[in-house]
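A.B. asks: Quick one, what's the 3D model for this:
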Amino acid sequence: MSFAKGVSKFKTLTFEQQYNSIKNCPLSSNGKGSFTRDCFYWEFTAQPTPLSKTYLVLLIFHIDKYSPDVFILDQDVWDISKKKSIPHLYDSKKIKLCLYYPAYNDWDQTMPLNTTFVPWTYLWLYYYEEWLFSCEWKGGGEHPSNKDSDVKDKKQMSIFNKFRKPKAKKTNKEDKAKQIIHSIYEQRRKAYIEREGLL
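C.D. replies: Next comes the predicted model:
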């Protein structure tokens, strides 16, 4: 049986299946989270090696976003990001990790988070600690520069605008999803700060 290009023989995992995959994963089962119909988060501790420090990881997945967002909630990492530019981050203020390059199709929604995003987070932390020591990112991978992304976005928007019918401005689903993710991030960050007595 053959499939058209871009069509997978595997089924997209449900939101509940993805949530349960990280909830029951040995690498992340030490955590806690919250699950709703549209969004879930899971917060767990990760220690990339026996000699490493332990980091608090926050994974948030919204149904209207293609893939989850992963953040590190850690005062030491926040402090370092103010002094040095940490590689492979989508957001250096929130420490939002860049774990795979979407253009290479390394992940899709048929893949469980417990075999992808969770171990990828451990790997990112491992290479982050190596980078702290050597000042060289040895984890490989690609991360598009903001300049490249801006050029690509402008080209795509100019093509899109040629064919788009004018509409009244309204927030689309992805914008709403980003707002919800930001709100959860801020709540969990505040809880971490209060728990650690960092006020």
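
A.B. asks: Please make it C-alpha for all contacts and neighbour counts, starting now.
C.D. replies: Will do.

A.B. asks: just the strands in this protein please.
C.D. replies: 32-35, 39-46, 55-62, 69-73, 89-91, 96-97 (DSSP state E).

A.B. asks: Using TSV, please lay out those together with mean neighbour count.
C.D. replies: Listed next are those as TSV, based on neighbours: other C-alpha atoms under 10 Å:
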stretch	mean neighbour count
strand 32-35	13
strand 39-46	21
strand 55-62	21
strand 69-73	23
strand 89-91	16
strand 96-97	20
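
A.B. asks: mind giving me CSV with those strands and columns for distance to Arg195 and mean pLDDT?
C.D. replies: Listed next are the strands of the chain as CSV, based on distance: least, C-alpha to C-alpha, whole Å; pLDDT from 0 to 100:
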stretch, distance to Arg195, mean pLDDT
strand 32-35, 15, 96
strand 39-46, 14, 98
strand 55-62, 12, 97
strand 69-73, 12, 98
strand 89-91, 24, 94
strand 96-97, 21, 96
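
A.B. asks: Out of those strands, the one nearest Arg189 is which?
C.D. replies: Of all the strands of the chain, the one in closest proximity to Arg189, counting by C-alpha to C-alpha, is strand 69-73 (6.5 Å).

A.B. asks: got the angle for that closest one vs strand 55-62?
C.D. replies: Here strand 69-73 runs at an angle of 150 degrees relative to strand 55-62 (axes from the mean of the first three to the mean of the last three C-alpha atoms, to 10 degrees).

A.B. asks: list the helices and strands strand 69-73 packs on?
C.D. replies: strand 55-62, strand 96-97 (3 or more C-alpha pairs under 8 Å, 6 or more residues apart in numbering; DSSP states H and E).

A.B. asks: Show me where the chain dips below the pLDDT cut-off.
C.D. replies: 1-10, 143-171, 199 (pLDDT under 70).

A.B. asks: now Trp42: how far from Gly139?
C.D. replies: 25 Å (C-alpha to C-alpha, to the nearest Å).

A.B. asks: Contacts made by the lengthiest helix in the chain with the rest, please.
C.D. replies: Ranked by residue count, the top helix of the chain under DSSP state H comes out as helix 173-196. Residues outside helix 173-196 that contact it (C-alpha atoms under 8 Å, 6 or more residues apart in numbering) are 41, 58, 60-65, 73, 199.
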